[in-house]
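Q: what shape does this take:
(5 chains, ligands or ions: 8)
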Amino acid sequence: MIERLVHWSRVKSPWVLHLNAGGGCNGCDIEILAALMPRFDLERFGVLLKATPRHADVMICTGAVTLQNRDRVLRVYEQVPEPKFVVAAGACAMAGCVYRGAYHSLFGIDQVIPVNAYVPGCPFRPTALMDAVVKLLNSVK
Amino acid sequence: MNSEAIFEKINGEIKDKILEAAIAAPRRISVKVERGQLLAVLAYLKDQLQFTHLATISGVDLGENFEVIYHLSNDTTTILLRILTPRAEPKIPSVCQVIPGAILYERELQDMFGLLVENIPDPRRLLLCDDWPQGQYPLRKDWKFNRPAEIIPGGK
Amino acid sequence: MEFKVSLGPQHPALHEAVSLRMTLEGEIIRDADLKLGYSHRGIEKLAEERTFTQNIYLTERICGICSHSHTTCFVQGVEQLMELIPARRGLYIRTLIAELERVHSHLLWLGVAGQEAGFESFFMYTWRDREVVMDILDWITGNRVHYAMNTFGGVRRDIDELQKKKILDSLDLLTKRTEYYLKIGANEPTFVGRLAGVGKLSREDAIALCAVGPTLRASGVPMDVRKDDPYAVYNEIPFEVCTADSCDVLGRAVVRVKELIQSYKMIEFLLKNLPDGPFKVKAPRKVKPNEVYSRYEAPRGENVHYIKSNGSDKPERLKVRAPTLANYTATIKMLKNGFIADIPLIFAAIDPCICCAERLVQLDNPRSGESKVLSFSQLRTMANDHYKKVNLLKKEAVWPF
Amino acid sequence: MAILKPILYILVYPGLIFLMVYSTFCEWFDRKLYARMQNRIGPLHTGRSGILQPVADIIKLFAKEDIVPEKADKHMFSALPVFALAIICTTALYLPLWHYSEAPSFISFPGDLIVVAYLLTLPTLIYFLAGWHSNNYFSAIGGVRVLTMLFGYEIPLLLALLSPAVLADSWRILEIARFFQDKPLLMLVNLIGFFIAVIALQAKLERVPFDIPHAETEIVGGQLTEYSGKKLAFFRLLGDIEMVVGAGLIAAVFMGGFPGGLLPGLAWFILKTLFIIFLLAAMRAATSRIRIDQMINFSWRWLAPLAVLQLFIVIIIKGMVS
Amino acid sequence: MNNKIVPFLPELLRHLFKKPATVKYPFEKEAVPEGFRGNVVCDAAKCIGCMICVNDCPAEAIDIIRVSETEKKFKMILHNDRCIHCAQCVDSCPTKAYHMDAEYETAAFSRHDLKIEYK
Ligand code: SF4
Ligand code: SF4
Ligand code: SF4
Ligand code: SF4
Ligand code: SF4
Ligand code: SF4
Ligand code: SF4
Ligand code: SF4
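A: Numbers count the residues shown, from 1 in each chain, chains lettered A, B, ... in the order given. Ligands and ions are numbered 1, 2, ... in the order given. Okay, the predicted model is just below:
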């Protein structure tokens, strides 16, 4: 009973932290912001954008990880309290997009931290991000 | 003053300081100078012909030499002011005393090509990460990058 | 009492990372220094390993806000190298997308400026209206952000009559909304009060530090690549270069709003005069050895590509100078001897891109916990005293419309 | 039997249970209004129309990992949220919601207005302490800002609360409410005071335009940057309950309280507090954040003089009436 | 004066009674415009193995593998996690072996699910 309640609350109240790992073009970042705006309004699902990792449940990461940023991504990940989920949003965060083979960036977020869901697109549509969030939440056990 | 007039002026007034000048394309003038004359020519262009805007400094690896191109604009024309510096002794003078806005581009050149900018006011690293190894200059043609293997989580 | 503060690179809400380190003396910023490289990926090296076609998409992804700027700059440069004359209709469509992009970028900026002032509703409304432009771009190009419209010799997609009509209809709405925001801006006394007199950059400094775009034009220098060095079809469209003389953040806002209105007019002109004919011509794959220097007026200022070819299908060298980089030096100048409370706005004023930096303030090398906190609060009170003094001055500032 | 009533009073209505339920409802109402004013929908899929959204938020926070940062003062860091919640719940008991005794008792006695006003400042102080003891720069700045703001709005709030008390000639909330129930027209006299109180309440709740202590674009999460899990949940509840109590106090003092016994009293309470929350939400949506110096300026230049003016008006009117 | 203090308020109150601008997604599918660049769909039967697409793809998203020594038969592997949906392959292929669909809800939990083989 308690477990079901906790599970319900987790699914219904995902607070997100947006992390840019550096090696992207910021197209995805703008689309994340657009997803929170009146047109798409992610708050319908209880999503709130949080400024500090301590308050967050879901990390939405964009961009491939640049060498300069690698440690920072790890540090932020560690600061998010359990249970936490990571969404790699956009081609950069998944596999490095057009920057594959660039000397100053790694392939994607999953080279540094574990990732729970991937959102294809360059950039994804805000609706695609919504779809990913809903899918992820439905899969939470 | 249009490009032709500027070209005439350069060819007339500072002919002794430059190696060659040419109108490369509409509104583009290419000027070659000796390394030692760079500051003098730059100062002349800036003070006499209002080339105040330095868009950027490009480095090109030509093998034996590095070519360094200063892209200067005024309201009608862009001048590509170029100097050569030998690979064995890659030194260029800093232009920050003439054009203070050049500082970021000079720092970028130091990072990327390993050029030594003499009298640069701020010689720190600009773009490369803190633990980048010394003596590696990514934009040199003989510098090759070996990709690390990509790990796809979840196995093959 | 001197200590160091660093802003960034962590930015919880948006965009990429830049770190600003400052030396403070009291509440005054004595020295500021930007640390870049958090977003450096090595595109220029990568470009040498890719073909010209692949490089269109690579340059597009230099940046997501003005993706069309970088491709256009690159493509028109390579067209010159190929000695290719692009299709006229293609050029018109290219220019049209460029202006639509300027509209979306400036609207985005307007929202961010509101957000910096903690005006969330304003932010929400501008971004809602920005969706109108995004819809148009989505419809014409097939993607909301990376349009992938440019190709050597023209553009990749045509515009039909229905799309033309829809764009013209949307323009009316956008013009109305822009005027409404102007009214809000003019009537919100705290808003004007916070912008005026902040982040001064004199005309001489702006020129000496090679600032570009609205930052430069707000210091009274009418430099605009579209006029000085016309590309695409800008020599055929009537428009004015917008400047302001106040040299501060308010001026930069004014320049952008004026440019919005100019852009609406240009879009209308472009649509009404769209020539018939093909929208692209065939391009060769290989390029003769040559070099070209291509300039483009992006929403945030002059964008520059230097391309050198060597006769193969890959460039020998591609040098990119994005507008924001050109404005960094000027930003440091604006910050120096400024007050810590103004940092967000000064940053927002050159470009919404890096203002995220202010989201993480962190004191470096503190001596003891107690003293550093104290000094920070002292610092703030001092800043407040300062504002009491200058308040009078700011009240007289008016929105110049 | 006699003991049962106070227990019910403390635990059920208007004590803990009622407060928790009603405050989460109020948060939902506030968020929904805010979203609608921005042409959005707001919470939608948690319960009917998203009404359970705040509940889900809080349960989730309770179930999350609870990190106590290494550098923080462990005991203070953990005890503060509970403390704050206890205080604000106590304050709620003084609202004249349902009074079974006419004689002074522990929940209603002459002078309870002052006690309530005093208790309401305590959570603010706890915010400050929470920021201070987190040992994080943002938290500390946030904490200091909390304190600075307190000096700005507290005096106008007290002055504003004073004027109806003077008019009703009593320091007991219950009696003030009765007075206005008898002479509803006299409520209009206190209009200025009412608005001052609402604005000061907004500042107390640290909402836009007074969200300076936790301005996200400036100092991340402010005094709560380091809080996570349970403790953050306590603080969220605290904020919600503070909003209800503040709105209830204003309704009781300025708007004639909640007459009519248990059920009509409840109805009045909900109606009047929701009206005040509506005002608060509209203020949040229509303004932009001001700087801390502007806030202090504003309260001393406008709020405090206006509150004094209100007091004068009340004294004059009182002279005329009696 | 009143208008000066909160010029935004009338607009806000008006919207209180207006329909929100929010779309109903995911309960009503968002209609993508005609010509939207969704996922790449390959038709392996048409491929003649000229490798133009592999050379033109900016994101290394296509692998073409010859499956039979004797015949001209090819297996096409599309890495949807790398694809940037630029449609260059659609333009480049001489035999029109590619087209793009209007699908955008492709979120997955593993990158292996995003690798699609066409035979
Ligand atoms: S996936 Fe595409 S849009 Fe997103 S950050 Fe990377 S390049 Fe930009
Ligand atoms: S443009 Fe320059 S700084 Fe930016 S990624 Fe490319 S090489 Fe690095
Ligand atoms: S200038 Fe553009 S491409 Fe370069 S790092 Fe900034 S956002 Fe990225
Ligand atoms: S200024 Fe540079 S980073 Fe900013 S939007 Fe333009 S291209 Fe992108
Ligand atoms: S300048 Fe702005 S848009 Fe460009 S990379 Fe930096 S943050 Fe992004
Ligand atoms: S501060 Fe600027 S760059 Fe950062 S998230 Fe906000 S708008 Fe974007
Ligand atoms: S759409 Fe672009 S990135 Fe995707 S496979 Fe085709 S060419 Fe490659
Ligand atoms: S371009 Fe077309 S035919 Fe050539 S390899 Fe690719 S899919 Fe096959």
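
Q: can you map out the helices along chain B?
A: For chain B, the helices defined by DSSP state H cover B:3-13, B:38-49, B:103-113.

Q: most tightly surrounded among the ones you listed?
A: helix B:103-113 (a mean of 23; mean count of other CB atoms under 10 Å in any protein chain shown). Bear in mind the C-beta positions are built from the backbone N, C-alpha and C, glycine included.

Q: okay, that one in PDB with CA atoms only?
A: What follows is helix B:103-113, C-alpha atoms only, in PDB (Å, rounded to 0.1, in the frame of the first residue of the first chain):
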ATOM      1  CA  ILE B 103      43.400  39.400 -27.400                       C
ATOM      2  CA  LEU B 104      41.000  36.400 -27.600                       C
ATOM      3  CA  TYR B 105      42.100  35.600 -31.100                       C
ATOM      4  CA  GLU B 106      45.800  35.700 -30.200                       C
ATOM      5  CA  ARG B 107      45.200  33.400 -27.300                       C
ATOM      6  CA  GLU B 108      43.300  31.100 -29.600                       C
ATOM      7  CA  LEU B 109      46.200  31.000 -32.000                       C
ATOM      8  CA  GLN B 110      48.600  30.100 -29.200                       C
ATOM      9  CA  ASP B 111      46.300  27.200 -28.200                       C
ATOM     10  CA  MET B 112      45.600  25.900 -31.600                       C
ATOM     11  CA  PHE B 113      48.800  26.300 -33.500                       C
END
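
Q: quick one: residues in contact with it.
A: Helix B:103-113 is contacted from outside by B:54, B:56-57, B:59, B:61, B:66, B:68, B:90, B:92, B:94-96, B:115-117, B:120-128, B:137-140, C:44, C:321, C:325, C:328-329, using CB atoms under 8 Å, 6 or more residues apart in numbering or on different chains.

Q: touching ligand 5 at all, it?
A: No. Contact of helix B:103-113 with ligand 5 (CB under 6 Å from any ligand atom) is absent, the minimum separation being 12.9 Å.

Q: quick check, distance from that helix to the centre of its chain.
A: Averaging C-alpha positions (CA atoms, centre = their mean, to the nearest Å) puts helix B:103-113 9 Å from its chain's average.

Q: likewise stretch D:6-14?
A: That offset, for stretch D:6-14, works out to 20 Å (CA atoms, centre = their mean).

Q: average pLDDT across it?
A: Mean pLDDT, stretch D:6-14: 71.

Q: so what's the residue positioned nearest the centre of chain A bridging to?
A: For chain A, the residue nearest the mean C-alpha position is A:I60 (1.3 Å; CA atoms, centre = their mean). A:I60 has these beta-bridge partners by DSSP bridges: A:H18, A:V87.

Q: which residues touch it?
A: For A:I60, the contacting residues are A:V16, A:L17, A:H18, A:L19, A:I32, A:V87, A:A89, A:L129, by CB under 8 Å, 6+ apart.

Q: repeat that for B:E118.
A: B:E118 is in contact with B:K91, B:I92, B:P93, B:S94, counting by CB under 8 Å, 6+ apart.

Q: please check those residues and keep the buried ones.
A: Among the contacts of B:E118, those scoring as buried are B:I92, B:P93, B:S94 (criterion: 16 or more other CB atoms under 10 Å in any protein chain shown).

Q: in strands, which of those appear?
A: Among those, the residues falling in strands (DSSP state E) are B:I92, B:P93.

Q: would you turn the buried ones among the contacts of B:E118 into JSON lines with distance to D:A203?
A: Below are those laid out as JSON lines (distance: CB to CB, whole Å):
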{"residue": "B:I92", "distance to D:A203": "59"}
{"residue": "B:P93", "distance to D:A203": "59"}
{"residue": "B:S94", "distance to D:A203": "53"}
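
Q: just the closest of the buried ones among the contacts of B:E118 to C:G90, please.
A: The closest of these to C:G90 turns out to be B:I92 (CB to CB; 40.5 Å).

Q: what kind of secondary structure is E:H15 in?
A: helix (DSSP: H, G, I helix; E, B strand; the rest coil).

Q: neighbours of the closest residue to B:I152 other than its chain neighbours, how many?
A: Spatial nearest neighbour of B:I152, chain neighbours left out: E:R111 (5.2 Å); criterion: CB to CB, 6 or more residues apart in numbering or on different chains. Residues near E:R111, counting by other CB atoms under 10 Å in any protein chain shown, number 23.

Q: hmm, E:R111 is touching B:P153, no?
A: Yes. Judged on CB atoms under 8 Å, E:R111 makes contact with B:P153 at a distance of 7.2 Å.

Q: just want the residue of chain E that's nearest ligand 6.
A: E:F8 (20.4 Å; CB to the nearest ligand atom).

Q: wait, doesn't that residue sit right on D:R284?
A: No. Using CB under 8 Å, E:F8 makes no contact with D:R284, being 11.5 Å away.

Q: mind listing what's buried along stretch C:128-135?
A: For stretch C:128-135, burial by neighbour count (16+ other CB under 10 Å) applies to C:R128, C:D129, C:R130, C:E131, C:V132, C:V133, C:M134.

Q: do that stretch and chain D meet at all?
A: Yes. For stretch C:128-135, a contact with chain D is found by CB under 8 Å from any CB of the partner chain, at C:R128.

Q: export that stretch as PDB, just CAs?
A: Output in PDB follows, covering the C-alpha atoms of stretch C:128-135 (Å, rounded to 0.1, in the frame of the first residue of the first chain):
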ATOM      1  CA  ARG C 128       4.200  31.700 -26.600                       C
ATOM      2  CA  ASP C 129       4.300  34.200 -29.400                       C
ATOM      3  CA  ARG C 130       7.600  33.000 -30.600                       C
ATOM      4  CA  GLU C 131       5.900  29.700 -31.300                       C
ATOM      5  CA  VAL C 132       4.200  31.400 -34.200                       C
ATOM      6  CA  VAL C 133       7.600  31.900 -35.900                       C
ATOM      7  CA  MET C 134       8.700  28.400 -35.000                       C
ATOM      8  CA  ASP C 135       5.600  27.000 -36.600                       C
END
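
Q: just give me how far it sits from the chain centre.
A: On CA atoms, centre = their mean, the centre of stretch C:128-135 falls 18 Å from the chain's centre.

Q: repeat for stretch D:278-287
A: 15 Å.

Q: ok, and for it, which residues are buried?
A: D:L279, D:L280, D:A281, D:A282, D:M283, D:R284, D:A285, D:A286, D:T287.

Q: grab the nearest non-local neighbour of the first one.
A: In space, not counting the residues next to it along the chain, D:L279 is nearest to D:V198; the distance is 5.5 Å by CB to CB, 6+ apart.

Q: what about that neighbour, neighbour count?
A: Other residues within reach of D:V198, judged by other CB under 10 Å, total 19.

Q: can you check C:D33 too?
A: Residues contacting C:D33 under the criterion other CB under 10 Å number 15.

Q: any idea of the mean pLDDT for the helix or strand hosting it?
A: Element membership of C:D33 [criterion: DSSP states H and E] is strand C:28-35. For strand C:28-35, the mean per-residue pLDDT is 71.

Q: for stretch B:92-112, same thing?
A: On average, stretch B:92-112 scores 88.

Q: that one: end-to-end distance?
A: The straight-line separation of the ends of stretch B:92-112 (CA to CA, to the nearest Å) is 14 Å.

Q: for chain E, which spans come out with low pLDDT?
A: In the prediction, chain E carries residues with pLDDT under 70 at positions E:1-7.

Q: quick check: residues of it near ligand 1?
A: E:I84.

Q: mind listing the strands for chain E?
A: Under DSSP E, chain E gives strands at E:40-42, E:62-66, E:74-79, E:98-100, E:115-118.

Q: so can I have JSON lines of those showing distance to C:E179 and mean neighbour count?
A: Below are those laid out as JSON lines (distance: least, CB to CB, whole Å; neighbours: other CB atoms under 10 Å in any protein chain shown):
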{"stretch": "strand E:40-42", "distance to C:E179": "43", "mean neighbour count": "21"}
{"stretch": "strand E:62-66", "distance to C:E179": "49", "mean neighbour count": "16"}
{"stretch": "strand E:74-79", "distance to C:E179": "48", "mean neighbour count": "20"}
{"stretch": "strand E:98-100", "distance to C:E179": "39", "mean neighbour count": "19"}
{"stretch": "strand E:115-118", "distance to C:E179": "49", "mean neighbour count": "15"}
